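Colleague: Generate coordinates for the sequence data below:
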Amino acid sequence: MEKRGHIYFVPFTYGTDFWMACEVCKVGFELTPAESDVAKEVIKMIEDARKGKISSDEATKFIAEAKLFDPERTVQLKRLA
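Modeller: Prediction:
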């Protein structure tokens, strides 16, 4: 999710947050900086698989092994949208 603002009706983006959220109900939580780094790697792997740079099996294996979320962490759920 991009952080956006405006000055005198000129829009600008000043950062990006990564969230893990349900596509249906839009409820989720913000990822920590470490989890965000893993999310960036997962996104890159998916893009590479779509472009044919790597096989879908390689991407699936990487995503399955990625520690995207620490299950011990307590999260506060929020609705995006």
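
Colleague: could you point out which element follows the helix or strand hosting residue 34?
Modeller: Using DSSP states H and E, residue 34 falls within helix 33-51. Next along the chain after helix 33-51, taking DSSP H and E as the criterion, comes helix 56-65.

Colleague: for the helix or strand that that following helix is followed by, packing partners?
Modeller: If you walk from helix 56-65 toward the C-terminus, the next helix or strand you reach (DSSP H and E) is strand 78-79. The criterion is 3 or more Cβ pairs under 8 Å, 6 or more residues apart in numbering; DSSP states H and E, and the helices and strands that strand 78-79 contacts are strand 27-30. Placement of C-beta: from N, CA and C, glycine included.

Colleague: Need the per-residue pLDDT for the spatially most central residue of the chain.
Modeller: Nearest residue to the geometric centre of the chain (Cα atoms, centre = their mean): residue 18, 4.3 Å. We have a pLDDT of 81 for residue 18.

Colleague: which ones are touching it?
Modeller: 1, 30, 31, 35, 36, 39, 40 (Cβ atoms under 8 Å, 6 or more residues apart in numbering).
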